[in-house]
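Chemist: sequence plus the predicted model coming up.
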Amino acid sequence: MNNIETINKIKNDIKFFNPKTIDDIKKFKIKFLGKKNGIITLFIKKIKYIPISDRKKIGIILNKLKNEIKEKILKNYIKIKNINRNKFDITIPGKFTNIGSLHPISIIKNKIIKILYYMGFYCVDGNEIEDDWHNFTALNIPILHPSRDMQDTFFLQKNPDFLLRTHTSSVQIRYMKKNSPPFKVFSLGKVYRNETVSYNSNYMFHQVEGFYVNKNVSFCDLKETIQYMINLLFGKVKIRFRLSYFPFTEPSAEVDIFYDNKWLEIMGCGIIDPQVLKNVNIDSNLYTGFAFGLGIERLTMIIYNIKDIRIFFKNDIRFLSQFKNEF
Ligand code: PHE
């Protein structure tokens, strides 16, 4: 094939180039412009053997062909990409993906939040790393007082004034320090205790704590509120108040519910000790309040009949996937 024939053949190939896939374009590119054996590439390399009289003319033609090829490649590339894009049909249902489920603790947590909102409580946040004053002293639990033994604590080694909060009651102090009554709020979150891990205790668990401060708040208000809340959670169940002791409430009580044919303890509560109100500069002659606190793990174990608290934190899919219907 002489030079003119080769050029005509290339022109023809360019003209009738009609790729269907990106792969066709790649092959076309390699065929003509491939670094080693591309037809145009080799042609240009051989140009020095062409008689001087034709050399310039052929050089210009080859450059033109090279540009045409590049242009063809680009145009077709865009065309094929667009075709592929248009093939995407948004009306076709997507592939089925296996969605997960809420953790049982989250399910019960959400339920309680909904109930408390419904009852007019406002949600507030506290700190998981607390100082001694908010977690203990302001709540009437002085240093060296034996009542500290009720909650074995993780202190920060470098600064033992800081600790992982042992209960959400510290949020009462944080909130009351900054706000003046009346208020009706709750807080919910993780608390930590230096407990031996067993089927019914863990070093970390969740608590929800509600408190209400106003003029003339009485134990009757507390009983009413708790009865109402429990009925929304468990339906109609019997409850009883058992006298108890917490340093920050007076009187204090433990609440039991009659469930599954037995009495089960589910929360602590009481009238906020006037000394606690004084600690946060609230006039305890004018205001009284109540507080209650309950463990979410315990509640979840009762509701779902779960016998071992450790299962909540094992991330075992066989356990967790059983709560799909609740999602
Ligand atoms: N903070 C108490 C506990 O963790 C629970 C409680 C809260 C008791 C509010 C009374 C009032 O054991």
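Modeler: Now that the structure is in, tell me what you want to look at.

Chemist: just give me the longest helix of this structure.
Modeler: helix 52-86 (DSSP state H).

Chemist: helix or strand right after that helix?
Modeler: The helix or strand immediately downstream of helix 52-86 is helix 104-118, counting by DSSP states H and E.

Chemist: can you list the strands that the next helix or strand along the chain from that next one pairs with?
Modeler: Going down the chain from helix 104-118, the next helix or strand is strand 122-123, by DSSP H and E. Sheet pairing of strand 122-123 (DSSP bridges) gives strand 183-192 (parallel).

Chemist: mind listing what's buried along the partner strand?
Modeler: Across strand 183-192, burial judged by 16 or more other CB atoms under 10 Å covers 183-189, 191-192. Where you see a C-beta, it was placed from the backbone N, CA and C, and this is true even at glycine.

Chemist: so what's the closest residue to the ligand within the stretch 151-300 of the chain up against?
Modeler: When scored by CB to the nearest ligand atom, the stretch 151-300 of the chain has Gly293 as its residue closest to the ligand, at 2.7 Å. When contacts are counted by CB atoms under 8 Å, 6 or more residues apart in numbering, Gly293 touches 167-169, 207-210, 267-269.

Chemist: one more time with 7 Å
Modeler: Going by CB atoms under 7 Å, 6 or more residues apart in numbering, Gly293 touches 167-169, 207, 209, 267-268.

Chemist: helix or strand for it, which one?
Modeler: Secondary structure from DSSP H and E places Gly293 in strand 288-295.

Chemist: CA atoms only for that strand, dumped as CSV, please.
Modeler: Taking C-alpha atoms only, strand 288-295 is exported to CSV below (Å, rounded to 0.1, in the frame of the first residue of the first chain):
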residue,chain,number,x,y,z
THR,A,288,-40.9,22.1,96.8
GLY,A,289,-40.3,19.5,94.1
PHE,A,290,-40.1,15.8,93.4
ALA,A,291,-37.7,13.6,91.5
PHE,A,292,-37.7,10.1,90.1
GLY,A,293,-35.0,8.0,88.4
LEU,A,294,-35.2,4.7,86.7
GLY,A,295,-32.8,2.4,84.9
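
Chemist: direction included, what does that strand pair up with?
Modeler: By DSSP bridges, strand 288-295 pairs with strand 204-214 (antiparallel), strand 262-272 (antiparallel).

Chemist: save those strands as a markdown table, and put in mean pLDDT and mean neighbour count too.
Modeler: Below are these laid out as a markdown table (pLDDT from 0 to 100; neighbours: other CB atoms under 10 Å):
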| stretch | mean pLDDT | mean neighbour count |
| --- | --- | --- |
| strand 204-214 | 98 | 22 |
| strand 262-272 | 97 | 19 |
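
Chemist: would you format those strands as a markdown table with distance to Pro19 included?
Modeler: Listed next are the strands paired with strand 288-295 as a markdown table, based on distance: least, CB to CB, whole Å:
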| stretch | distance to Pro19 |
| --- | --- |
| strand 204-214 | 62 |
| strand 262-272 | 72 |
